[in-house]
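S.K.: Please find the sequence and the predicted model below.
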Amino acid sequence: MDDATQIVKILLRQARIGASPEELDALAAGYPAMRAGVEALYAVAGARYEEPGLVFGARPQAARTDPAGD
Amino acid sequence: MTGDRTIAAAAAALRAGSVTSVALTEASIAAADQLDERLGTYLARSDEAALAAAARADAELAAGLDRGPLHGIPLAIKDTIATADGPTTAQSAILDPAWGEQGDAPVVARLRAGGAPILGKTTTMEFAIGVPDPSAPFPVPRNPWDVERWAGGSSSGTGSGLASGLFLGGLGTDTAGSVRLPAAFCGISGLKPTFGRVPKNGCVPLGFSYDTVGPMARSARDCATLLGVIAGPDPGDACSVDLAVPDYVAALSGSLDGVRIGVDRLAGVSPVSDPALSACLDAALEALADAGASLTDVQIPLYSELVTTTMVGELAEAFAYHRGDLQTRWEEYGAGTRMVIASGALLPAADYVQAQRVRRVGQKAIAALFETVDLVITPTASVAAGRLDQLAFGDIIDAIHTPLWNAVGNPALSVPIGLTADGLPLAMQIAGAPFDEAGVLRAGDAYQLRTDWHVRRPPLHASNVAGAA
């Protein structure tokens, strides 16, 4: 069993996802390319000190009034 | 018949007394009777309710009560958007029917308040992601230009119904291209508004921080009309932005004098490209130049990274929403849907946060680009609609150019620009700065005043079918 298959198997088991062996193989086959894309995000120099664009406000369900803010 | 009209033309005819809303709605119903089985446009129809709404519209207009540009115009709604006369299924056996019983989503309520009869709920991909699943107990959305091909997704039924003349306008949702792709593949117009411009509460979520509700119609002008009705904040959507809604139709001057357009053909981004695309794009750019625009080549910064942020964020957010159901009802999901969403389980939380950081970097880089140009044009996709028996989600992602704009939130409009050698629509995408839908729509309208691709009829069209009014 290669690394990608092992990782995918563990992550799916951790999430309690009951994929079939064939489905696990398919997800494992796509995993290296997916991982490469994600790794490239950590190579974006400008992100080093950037804050994430997460939406959170202290008031529940309040409409945003400042389009420039979060 | 609806197929001969745009919303603008039908609205004028209603007020001139040359057509009634009931007649428009009856024509839509007759066309659906003839074509829906072959196209898979609808999941549910509301014929009686639509006719009743149309009769009310006719009576109100006759009495001098005018609710605005959609009064009496029959429309259709993607089935991820809740409607009071439902059902809302998201084309899935999974969605709790009680969710769809919450009443109209704000966007639907606004359409009804504007006097638009709602014809029914249109097909999508299951939970608005993936590709059609012929084994599922739902219609397969087919393309009226070639029924062996996909209508595009995930706002598939709205796209196929508009192209085939079943209705005059409708709503889709767009998380990575789901308004713009069916618009492109069906040869109509579709706008992804700025994130927050249109409230998304009442819509089944796919990617919470990417989802948008957008108008779809034959023309950019009609999209402007629809957007003017559905835009504006709602207290139920924390992401909606409290900005005044401009008169989008009034901004359609027909001229692009002084407008700077950057063009990125994205050559080499996609592993395949239709041979006709380059010439179609050249001709489209020439029409924009004729309208007064100045054109310059640009390179979109961080293109591949931003596409990745959309895929990472969308999958992580979708997996969070679906995790419980995937654990307990795996077999009830479509085989393709569950595989795509389950891939979100493979993304650690830090990857999701990093994607959100890169989105911020991308927003700044894109903002810098929009200091040098007013609009950016790319192909919507490098290829036309694929055959239903050959669709693969990964191949589609490689050939489309829509997810970038969901990553940064900017508005983007898809308009048709020509046909492939096989007679399938191709399209370009016009993107603008955040909340500059008016500029985007103005360019689309100026282009469509000089071309007729957006009103070309596919082979399977209401006007070609005996019995359809």
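M.R.: In hand now; what should we look at? Residues are numbered from 1 along each chain as shown, chains lettered A, B, ... in the order given.
S.K.: from the stretch 351-469 of chain B, which residue is nearest to chain A?
M.R.: B:Gln356 (3.5 Å; C-beta to the nearest C-beta). Using the backbone N, CA and C atoms, a C-beta is placed for each residue, glycine as well.
S.K.: Grab the nearest non-local neighbour of that residue.
M.R.: Counting by C-beta to C-beta, 6 or more residues apart in numbering or on different chains, B:Gln356 lies nearest to A:Pro52, which is 3.5 Å off, once chain neighbours are set aside.
S.K.: ok, that neighbour - contacts?
M.R.: B:Val353, B:Gln354, B:Gln356, B:Arg357, B:Arg359, B:Arg360 (C-beta atoms under 8 Å, 6 or more residues apart in numbering or on different chains).
S.K.: for the first one, helix, strand, or coil?
M.R.: Assigned state for B:Val353: helix (three-state reduction, DSSP: H, G, I helix; E, B strand; the rest coil).
S.K.: before we move on, what about the last one?
M.R.: The assignment at B:Arg360 comes out as helix when based on three-state DSSP.
S.K.: Does it touch A:Leu54 like I think?
M.R.: No. With contacts counted by C-beta atoms under 8 Å, B:Arg360 stays clear of A:Leu54, the gap being 9.9 Å.
S.K.: If you count surrounding residues, which of the two has more?
M.R.: B:Arg360 (19 against 13; other C-beta atoms under 10 Å in any protein chain shown).
S.K.: so who does the more buried one touch?
M.R.: A:Ala47, A:Glu50, A:Glu51, A:Pro52, A:Gly53.
S.K.: host element of the residue nearest to the first one when sequence neighbours are not counted?
M.R.: In space, A:Ala47 comes closest to B:Arg357 once its chain neighbours are excluded; the distance is 4.5 Å by C-beta to C-beta, 6+ apart. In this structure, B:Arg357 sits in helix B:349-369 according to DSSP states H and E.
S.K.: Give the next helix or strand downstream of that helix.
M.R.: strand B:375-379.
S.K.: Show me what that next one is packed against.
M.R.: Using 3 or more C-beta pairs under 8 Å, 6 or more residues apart in numbering or on different chains; DSSP states H and E, the elements in contact with strand B:375-379 are strand B:260-263, helix B:277-290, strand B:425-432, helix B:437-448.
S.K.: tilt between it and helix B:277-290?
M.R.: Angle between the axes of strand B:375-379 and helix B:277-290 is 160 degrees (criterion: axes from the mean of the first three to the mean of the last three C-alpha atoms, to 10 degrees).
S.K.: for the nearest residue to B:Ala284 once chain neighbours are set aside, helix, strand, or coil?
M.R.: In space, and not counting its chain neighbours, B:Ala284 is closest to B:Ile417: 4.2 Å by C-beta to C-beta, 6+ apart. Following three-state DSSP, we place B:Ile417 in the strand state.
S.K.: Pull up the gap between B:Ile417 and B:Ser28, please.
M.R.: Remark: distance between B:Ile417 and B:Ser28 (C-beta to C-beta, to the nearest Å) = 27 Å.
S.K.: more neighbours, these two?
M.R.: Using other C-beta under 10 Å as the criterion, B:Ile417 and B:Ser28 rank with B:Ser28 on top: 32 against 28.
S.K.: Just confirm the more buried one is within a helix.
M.R.: Yes. Using three-state DSSP, the secondary structure at B:Ser28 is a helix.
S.K.: Would you mind confirming that it is in contact with B:Pro74?
M.R.: Yes. Applying C-beta under 8 Å, one finds B:Ser28 in contact with B:Pro74, separated by 4.8 Å.
S.K.: residues shared between the contacts of those two?
M.R.: Shared contacts of B:Ser28 and B:Pro74 (C-beta under 8 Å, 6+ apart): B:Thr2, B:Ala50, B:Leu119, B:Phe167, B:Leu168.
S.K.: wait, what's in contact with B:Gly170?
M.R.: So B:Gly170 contacts B:Leu75, B:Ala76, B:Ile77, B:Lys78, B:Thr122, B:Thr158, B:Gly161, B:Leu162, B:Pro215, B:Met216, B:Ala217 (C-beta under 8 Å, 6+ apart).
S.K.: Great, nothing more from me.
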